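K.L.:
Provide a 3D model corresponding to the input given below.
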Amino acid sequence: MLNADDPETVYSLRFLKQTVERASVPIVLWVGAGASRWLGYPSWSDTAKLMRSDFFRSVPGFDNDKALRLLGRSQFPQLFQMCKAADGQRYFRFLSDTFRPLPETPLYARFIEKIGQITPLRVVTTNIDEAMEQRLASAAVFQTTDFPRCVQLLRGDDSFIAKLHGSRSAVESAVFAADDYERLTTDVRYVDALRALFATASVVFLGYGIQDKYLIGLLTRNAEANSLFGAGPHFVVSSEGRMPLGSIRRIRYELRRHPDHRAAVCVLDYILQLIKGVEERGHVAVEIPTRTMGHSVSPARTGYFISDLKPAGTWTTGQTVGFADKTTGQPAGEFIVGLGFTNTEVPFRESTALHDLIVGMICFDHVFLPAAALAPAHEMLGSETFWELVRTDLLRFIHMEHQIAAIFPAGGVLGDVGAVAVRDKDGIGPLPVGEYIRRQIKAAPGKESEAERLFEDLEKTVTIFSEEASVGAPSRVRGSFLMPRVARLLGIGEAITPTQVPRWLAFPVLRMAHLIHVGLVCDSLGIQAAKIPFGGPQLATAAFGIQVASELAERYASYVISGTFNTDVGALVFQQPGILRGIVRFRETQEGESFRREVHDKLLGDGGAEFNASIDAGLRRNIPLAILQKARDRLSSLLTARPLATPTPAVWGNSRNSDDTTAFWRAKSRSLLLALCKERGIGKDDPCICGSGDSLRQCCLAPLRS
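P.N.:
Now for the predicted structure:
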């Protein structure tokens, strides 16, 4: 995720937004060695280390002491020059072997999928591997000597890939050694072409590394008055805390969650959302540690996380809690937690809780629920069924020790996001799981001893998602607000920075935070699919750039249980409760196992994304009819009466909750904003309540138009 806590990143993205929307200059992507590492190629420094080791073992008279000194000083071109001089044939063969074609990786596939959507695509790269041009066949490829021709193409709509350092297929012209760089940097046509590129385009450095720094350092030293970088603006996407290229603007991302730099790809999502926004303007469109008392999902098993279980009835979905100053005891502010849905924001109010649970039971090995759903699940299923599902390890729970909250100072209209937790009786640590369970489920009179045994068994199924596991979650929530489509869906105006939460947008912000938390849970525990609340698929796509499938596991669960593809299976089970026990027996049959394996194999997940779980159990491909029918026949034979399809339609988050869903949210936020302004005597043409100085009508009210 992009680093919204870095003010420079926020302002750099605003400059990039203006550049794309105005379309005054073409956007050129400078793709460095970091992108090739996503495919498994070595970095520049690793290539130097590997070559030194190879030459030390294989070339007589090789001066290894000198080579080690060059490595220690990061003088890689000089090391490559030394190897080239020692044995030129071996030197070129080593480069050719090192950068041979490699099999696809999920992260590189994601990079190519994103970059391939940008049209026209203009890329310059210092990588000699040929992975990009092999996967982006529509782009013309220009080698080093032809690079000046690319500048002419900037005036048109042609896509191109310019190989600044040559290619593996012509490895003898590849740029690695010191004399190669000397040849390039003294080539007047080459330097003039680069200067023209920077003068006429906006360059975004992606996967920028040591090799690119070395080239640009040489060019800026050789260029007159350091005039290489003109016009612009230019941007470098980097995890580094310092500005690597002087005047070039930095867009920073975090490495805490994914050390493989995959967060850099978020910039491509950002650009794509801006491009689509322009096209549609007339029509607008680190491995995280966990502390567990249960088990993660093994790769051979499947898990389904129902992130917000709300059975039929009246539920409180949001809470506001005041807090006092520890020193004075005076009110210091308040925090808001929960999703806070109201009837006006939910277009389809039928509960999907039992439907979702039955889908999970039929299609997945384990169904995960938040620990906060213990009492609702117990009530919905009934005590006997609930404890049987716990005993058979079908039902598992996740206890999130911390929740993301919108925190406001006393009387403030702008707050921030932070993490809060329910503390133990001593106020030292989070509330223990055992006590959390016993607060939700009470033992029946006279059954206390039996209940205690059940509570102890239940506690073993609970995974604790601890403070360490949630580290960086508030920062990641802020980072999601940088994405243009997220801001549009939630109604966040440009006067609001990512470190600010307007009071009227508290619950939409917390709904986005809920998705972030779900992503953290699924990625950390290896859960392959998640059911998320209303509006979630659109926000998840906007924030993470993930694909939401149109083919969903719930359709197949519907067929297995009822013979049709659109049944509300929850309503069906409610009408015929005996079906539940039949489903439990079906899970133990060969047909039930085979069906779950088919779901496992066809789950839609993107291993290179920051949110790896399938949204709403989306599938890549259809399940074969033969497997489906066998499962259907087997379940039918286990039921005492053939179930009939209910006339009640299924309510499912993907197909029905389009962008119109978040339009309801914006309407609610608009009414809250207007009410807050009315209390303070602020009219639509008065200075906005956020303090921007612009009128309310043009500032915070404008993005809340439906």
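K.L.:
Going by C-alpha atoms from here, please, whenever you check contacts or count neighbours.
P.N.:
Fine.
K.L.:
Point me to the helix or strand that includes residue 463.
P.N.:
Here residue 463 sits within strand 462-465, counting by DSSP states H and E.
K.L.:
got the CA positions of that strand in PDB?
P.N.:
C-alpha atoms of strand 462-465 as PDB (Å, rounded to 0.1, in the frame of the first residue of the first chain):
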ATOM      1  CA  VAL A 462     -10.000 -19.400  18.200                       C
ATOM      2  CA  THR A 463      -7.200 -17.800  16.400                       C
ATOM      3  CA  ILE A 464      -6.000 -14.600  18.000                       C
ATOM      4  CA  PHE A 465      -5.200 -11.800  15.600                       C
END
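K.L.:
can you give me the strands in the stretch 251-400 of the chain?
P.N.:
For the stretch 251-400 of the chain, the strands defined by DSSP state E, counting those that start in this stretch cover 291-292, 303-306, 318-324, 331-338, 366-370, 395-400.
K.L.:
helices or strands up against the last one?
P.N.:
With contacts defined as 3 or more C-alpha pairs under 8 Å, 6 or more residues apart in numbering; DSSP states H and E, the secondary structure elements packing on strand 395-400 are strand 366-370, strand 462-465.
K.L.:
which residues make contact with it from outside it?
P.N.:
With contact meaning C-alpha atoms under 8 Å, 6 or more residues apart in numbering, strand 395-400 is reached by 366-372, 374, 389-390, 433, 461-466.
K.L.:
list the buried ones in it?
P.N.:
Counting neighbours by 16 or more other C-alpha atoms under 10 Å, one finds that the buried residues in strand 395-400 are 395-400.
K.L.:
now it and strand 366-370, what's the angle there?
P.N.:
Our comparison of strand 395-400 with strand 366-370, counting by axes from the mean of the first three to the mean of the last three C-alpha atoms, to 10 degrees, yields an angle of 30 degrees.
K.L.:
which stretches of the stretch 501-650 of the chain have low pLDDT?
P.N.:
Residue ranges of the stretch 501-650 of the chain with pLDDT under 70: 547-548, 550, 605-606, 640-650.
K.L.:
Walk me through the domains of this protein.
P.N.:
Split into domains by automatic domain parsing, the chain comes to 7-41+104-279, 44-98, 292-656, 659-704.
K.L.:
Tell me the gap between the last one and the middle of its chain.
P.N.:
The gap between where domain 659-704 is centred and where its chain is centred comes out at 29 Å by C-alpha atoms, centre = their mean, to the nearest Å.
K.L.:
Tell me who's in contact with the closest residue to residue 76 other than its chain neighbours.
P.N.:
Nearest non-adjacent residue to residue 76, counting by C-alpha to C-alpha, 6 or more residues apart in numbering: residue 48, 6.2 Å away. Taking C-alpha under 8 Å, 6+ apart as the contact definition, residue 48 lies against 71, 76, 79-80.
K.L.:
State the helix or strand in which residue 48 lies.
P.N.:
Going by DSSP H and E, residue 48 is in helix 44-58.
K.L.:
Lowest-scoring secondary structure element of the chain by mean pLDDT?
P.N.:
helix 653-656 (a mean of 40; mean pLDDT, DSSP states H and E).
K.L.:
one step back: the strand holding residue 463 pairs with which strands, and in what direction?
P.N.:
Its sheet considered, strand 462-465 pairs with strand 291-292 (antiparallel), strand 395-400 (parallel) by DSSP bridges.
K.L.:
And residue 373, how far from residue 305?
P.N.:
12 Å (C-alpha to C-alpha, to the nearest Å).
K.L.:
Who has more neighbours out of these two?
P.N.:
Applying other C-alpha atoms under 10 Å to residue 373 and residue 305 shows that residue 305 carries more neighbours, namely 30 against 20.
K.L.:
what sits opposite that one in the beta ladder?
P.N.:
According to DSSP bridges, beta-bridge pairing links residue 305 with residue 368, residue 530.
K.L.:
Against residue 482, how distant is it?
P.N.:
27 Å.
K.L.:
Over to residue 498?
P.N.:
According to C-alpha to C-alpha, residue 498 stands 7 Å off from residue 482.
K.L.:
So for these two, which residues contact both of them?
P.N.:
Common neighbours of residue 498 and residue 482 (C-alpha under 8 Å, 6+ apart) are 4, 10.
K.L.:
what's near enough to touch the residue nearest to residue 362 when sequence neighbours are not counted?
P.N.:
In space, not counting the residues next to it along the chain, residue 362 is nearest to residue 557; the distance is 6.2 Å by C-alpha to C-alpha, 6+ apart. Going by C-alpha under 8 Å, 6+ apart, residue 557 touches 359, 362-363, 565.
K.L.:
Save these as CSV, and put in neighbour count and distance to residue 637 too.
P.N.:
Formatted as CSV, the contacts of residue 557 follow (neighbours: other C-alpha atoms under 10 Å; distance: C-alpha to C-alpha, whole Å):
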residue, neighbour count, distance to residue 637
359, 23, 19
362, 28, 15
363, 27, 18
565, 16, 19
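K.L.:
would you turn the residues you listed into JSON lines with distance to residue 531?
P.N.:
Listed next are the contacts of residue 557 as JSON lines, based on distance: C-alpha to C-alpha, whole Å:
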{"residue": "359", "distance to residue 531": "10"}
{"residue": "362", "distance to residue 531": "15"}
{"residue": "363", "distance to residue 531": "13"}
{"residue": "565", "distance to residue 531": "18"}
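K.L.:
So which of those residues sit within helices?
P.N.:
359, 362-363 (DSSP state H).
K.L.:
Tabulate those residues in TSV, adding columns for distance to residue 149.
P.N.:
Listed next are the ones in helices among the contacts of residue 557 as TSV, based on distance: C-alpha to C-alpha, whole Å:
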residue	distance to residue 149
359	57
362	59
363	55
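K.L.:
tell me which of the residues you listed is nearest to residue 503?
P.N.:
Residue 503 lies nearest to residue 359 out of the ones in helices among the contacts of residue 557, by C-alpha to C-alpha, at 36.8 Å.
K.L.:
Thought residue 553 was touching the closest one, still the case?
P.N.:
Yes: with contact defined as C-alpha atoms under 8 Å, residue 359 counts as touching residue 553 (7.5 Å).
K.L.:
pLDDT weak spots in the stretch 351-500 of the chain?
P.N.:
Using pLDDT under 70, the stretch 351-500 of the chain drops low at 467-471.
K.L.:
For residue 67, see how far away residue 627 is.
P.N.:
Between residue 627 and residue 67 the computed distance is 61 Å (C-alpha to C-alpha).
K.L.:
same deal with residue 587?
P.N.:
For residue 587 relative to residue 67 (C-alpha to C-alpha), the value is 63 Å.
K.L.:
got the residue ranges for the helices in the stretch 451-600 of the chain?
P.N.:
473-480, 484-490, 506-525, 536-544, 553-562, 569-575, 578-587, 590-602 (DSSP state H, counting those that start in this stretch).
K.L.:
With the stretch 101-250 of the chain instead?
P.N.:
With DSSP H, counting those that start in this stretch as the criterion, the stretch 101-250 of the chain has helices spanning 106-115, 131-135, 147-153, 178-185, 188-200, 210-222.
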